[in-house]
Each structure stands twice: as C-alpha cells, then as structure tokens.
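S.K.: Sequence first, predicted model second:
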Number of protein chains: 2
Amino acid sequence: MTVNERRAREREQRHRLILAKARALAETEGWDAVTTRRLSALIEYSQPVLYSHFRNKDAIVAAVALEGFAELTEALRRARSVSGHARGALTVAVETYLDFAEANPAVYEAMFTRTVPLPFAQEDTPEPLRAGFAEIEAVVAPYAYAHHSATLAEVTWAAVHGLATLTRDHRLRPEEHRQRVEVLVDRVTGRGAGR
Amino acid sequence: MTVNERRAREREQRHRLILAKARALAETEGWDAVTTRRLSALIEYSQPVLYSHFRNKDAIVAAVALEGFAELTEALRRARSVSGHARGALTVAVETYLDFAEANPAVYEAMFTRTVPLPFAQEDTPEPLRAGFAEIEAVVAPYAYAHHSATLAEVTWAAVHGLATLTRDHRLRPEEHRQRVEVLVDRVTGRGAGR
DNA sequence: ACATAAAAACTAGCGTTGCTAGAGTCGATC
DNA sequence: GATCGACTCTAGCAACGCTAGTTTTTATGT
C-alpha cells in the first residue's frame, strides 16, 4: 500500500501547486489572466489534470478563497493576542483586516467579490469562516451594550469590508484613510458623541 | 436637417432599448447571461449594432451602473425630503439604500461588484456619483461632531454598502436584518453607549 | 422616375475561453 | 516479461467578445 501512499502524497503536492500558481498569477495579472490553459502551463501539466483535482475553474477560486479566510482569521487572532486593552485591540484588528485586503487584493476578491457560493451563517459553514467571524465578535463584544455582540460584529464586519472594497475601487479619498479608521473605531466603541 | 434629427432620435431610442434589455436580462438571469449574441437577439439587431452604440460590453454594464447611481440618488433624495427629524431620516436613508440593493441586485452588482472603473472621489467624477455621495453626507452631517462630515459619510456609506453585499451573498443571519440597521443607526448617531 | 452615393446593418469568421471524449502511455503486479 | 489498470495527453466542441468586408437600405441630384 506504500505505493498508493506515495501517489496520494504527490497528488496532494500537485494540488497545492495548482492553488499556489493560480493565486500568484491572480495577484500579479488579475483573475482574468487565470485561464485553464495558462494555469496548466504553469504547473507543467495538461488542462484535464486540473479537472482531476477540481470540479471546475470556480472550485479553484473557491479553494483560494478558503485559504484566504484561514489566513485572515489567523492574522486577526495574532493581532488580538498581542494588543493590549480593548479599544486599541479594535483599532489593530481593523487595520489588520484592511492591510490584508490591500496586500492580497486577488485573494480578497476571491473571498468576497468573485462571490463563490460558500455557505455562510448557517449549519454547514466551513470552520475557517466561522472562526473568522468569531474573531471579529470577540474584539467588539465589550461594546455591544444592550445589543447582541453577534449583531454588532456583523455591522462592524460590514463596515470594514465596505471600506476594503470601496478603497480598492478608488471610491474614497485616499488621504483620509487614517481618519476613516478613527471614526469607525469611535462609533463602534460608542464614543461617537466625543465623550 | 430634419432627417438627421429623426435618425438621431431613433438611435437614441435604440440606445435606451439596449440598456433596458441588458438590465432586464441581467436581473432575471444574471450578468453571465448577458452575452452580445443574446442581447442582439433581444433588440432584434445584429451584434455589430451594439458596437456602434458602445465601445464594448463593459461600456454597456457601465451605462447600466450609471443609471443605477442616478436612481439610487433620486431615491435617497426623495427619502430625505419626506422624513422628519434627523435620526429618523438616517434610518429611512439606510433602509432606502438597502431596499434598492435588494430590489435591483444586478444593477447594484454593475455599480459596485462588476467594478467598472468609474472615476470616483476625484476631479472628473460624473455628477450622479457626486450627488449620491452628497445625499449620504447630508443625512449624517448632524452627527459628525469633531470629525468632518465627509469622513463620517464615507464610513457610513462603507457600512451600508457592506451590509448590502454581505446580505446579498447570504453571509449574515437573515432574521437579524432589522437589528443590524438599528445598531448601525445607533452607532453612527453616537448613541452607542445606549444613552 | 431613376441613377448615384452615402449611411447603416448584416454575414461570416477570428482568436480565445471552459470543459471533455477518446486515444495513448506508463508503471505496478502476477 | 506479459497484462491490466491508472493516469495523462491530444484534439476538439460549443460559446464567448469583437471586427472586417459585403450587402442592403435610404436620401439626394438630375
């Protein structure tokens, strides 16, 4: 059975190679450049090999997206573990999120814009997605007050996600980035009236 | 010269027909179904006719997006004119925005997700876009406090836009929609701490 | 009324896309 | 060393956005 084990290992390796090449190509030239022909050339196999690993091209994008969720979640977790008191923690979390989106635009696009139908907010939500939301909830929980922390987490997530996409599409004034983060943190923490 | 005038009128009519059919098809079957062949069949002309009206397919999507901005702006303007005091006005504005996104998913996709490069937040921003942002700014201005109203407007826009897209992609708990709007309005108005 | 020139719309086709059927090759096992 | 199964490749399909070149239509001048 050791032969089959080696084969499985090699398949696994090639699986990761496909995702790595797809991701790299998407980051450098955009997702439109990620065609099955170019991708198969990059991995040095013929096109049909791709289809022995993934059902179709969308499944490749979805796999890259899932990687992205795991990485973003890990970045948020790390940020939360090193930052001190609560308000600073929220600022760091927001900046971490926005930095990730800016540093990995293609991955972020796969996660949200290329709207691959990943199951969210329901029974069969993949663990990385659930964990990512839990990170956001943890960092805003101190400010939920009368509301549920999950609801505040959803609204905060929406705001940060909105900033990420609108910034990416150059629809906000670039020089005001810092102020926007400040306003966002102020309002989420309930310091809106400037007390 | 009256002949040319008639021709220009007919061209204008066909121009609108193309946009109307493209929009309708996108809303019923999604933008992937809007191919140049299907669209040309719908307007009962051959494909090249499309290219005498628009540079390419993306230009058609962009034109639909611009229509959408004008309509959304008008909806916000109307909402603001009928709603009473400021806090209620913000709630109505948010609901109007989210209703528009939900009622016209394909148009909203053209406006934001199909990231057609429309010039934003700079010199040559088209009027409908500028006017739309002005509507948002007007409704949040009373709560800017120490900050600039434009900055609060950007953050608020991001939050509402985030809610619109995350809701569309089923990434938020559907039954909590109302609570999210309430939390959002609370925080934007600076009532976060529950005063 | 008819010929002519210009304007408009069509047919046909190019290169590229995602995906797949069927042929071919390689390697482990008896 | 032959055989059979697993794996990979070549070749090609239908559909895509877009365009060159031809045909048809339409307004004008005699």
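M.R.: Right, received. Where do you want to start?
S.K.: Need the phi and psi values for A:P126.
M.R.: Per-residue torsions, A:P126: phi -60, psi 150 (degrees, to the nearest 10).
S.K.: Distance check, it against chain B.
M.R.: Separation of A:P126 from chain B (CB to the nearest CB, to the nearest Å): 12 Å. Where C-beta positions appear, they are placed from N, C-alpha and C, glycine not excepted.
S.K.: Tell me how far whatever residue of chain A ends up closest to DNA strand D lies from B:L172.
M.R.: Taking CB to the nearest atom of the strand, DNA strand D has its nearest neighbour within chain A at A:S46, 3.3 Å off. Separation of A:S46 from B:L172 (CB to CB, to the nearest Å): 42 Å.
S.K.: Equivalent analysis for A:P48, please.
M.R.: From A:P48 to B:L172 the distance is 39 Å (CB to CB).
S.K.: same question, A:R6
M.R.: 45 Å.
S.K.: what about these two, which has more around it?
M.R.: Shown here are A:R6 and B:L172; by other CB atoms under 10 Å in any protein chain shown, B:L172 has more neighbours (25 against 10).
S.K.: So the more buried one: helix, strand or coil?
M.R.: Following DSSP: H, G, I helix; E, B strand; the rest coil, B:L172 is assigned to coil.
S.K.: Got phi/psi on it?
M.R.: Dihedral angles for B:L172 - degrees, to the nearest 10 - are phi -130, psi 160.
S.K.: Quick check: it touching A:E154?
M.R.: Yes. Between B:L172 and A:E154 a contact is recorded at 5.1 Å, counting by CB atoms under 8 Å.
S.K.: List the residues that are in contact with both of the two.
M.R.: B:166, B:180 (CB atoms under 8 Å, 6 or more residues apart in numbering or on different chains).
S.K.: got the contact list for the residue nearest to A:Y45 when sequence neighbours are not counted?
M.R.: Spatial nearest neighbour of A:Y45, excluding adjacent residues (CB to CB, 6 or more residues apart in numbering or on different chains): A:R14 at 7.5 Å. A:R14 sits next to A:43, A:45, A:49, A:53 when contact means CB under 8 Å, 6+ apart.
S.K.: Just among the residues you listed, which is most surrounded?
M.R.: A:H53 (19 neighbours).
S.K.: residues touching the residue of chain A closest to DNA strand D, list them.
M.R.: Counting by CB under 8 Å, 6+ apart, A:S46 touches A:S40.
S.K.: So it versus A:A150, what's the distance?
M.R.: For A:S46, the distance to A:A150 (CB to CB) stands at 47 Å.
S.K.: just A:T36 next, same as before
M.R.: For A:T36, the distance to A:A150 - CB to CB - is 40 Å.
S.K.: okay, these two: which has more neighbours?
M.R.: Neighbours per residue (other CB under 10 Å) separate A:T36 from A:A150, with A:A150 holding more: 20 against 15.
S.K.: Next secondary structure element downstream of the lowest-mean-pLDDT helix or strand in chain A?
M.R.: Lowest mean confidence among the helices and strands of chain A (mean pLDDT, DSSP states H and E): helix A:2-29, at a mean of 88. Downstream of helix A:2-29, the next assigned helix or strand under DSSP states H and E is helix A:36-43.
S.K.: Determine the set of other helices and strands touching that following helix.
M.R.: The helices and strands touching helix A:36-43, judged by 3 or more CB pairs under 8 Å, 6 or more residues apart in numbering or on different chains; DSSP states H and E, are helix A:2-29, helix A:47-53.
S.K.: Tell me the buried residues in the last one?
M.R.: Right, the one you point to is helix A:47-53. A:50, A:53 (16 or more other CB atoms under 10 Å in any protein chain shown).
S.K.: hmm, who's touching that helix?
M.R.: Against helix A:47-53 from outside (CB under 8 Å, 6+ apart): A:11, A:14-15, A:18, A:36-37, A:39-40, A:43, A:57, A:60.
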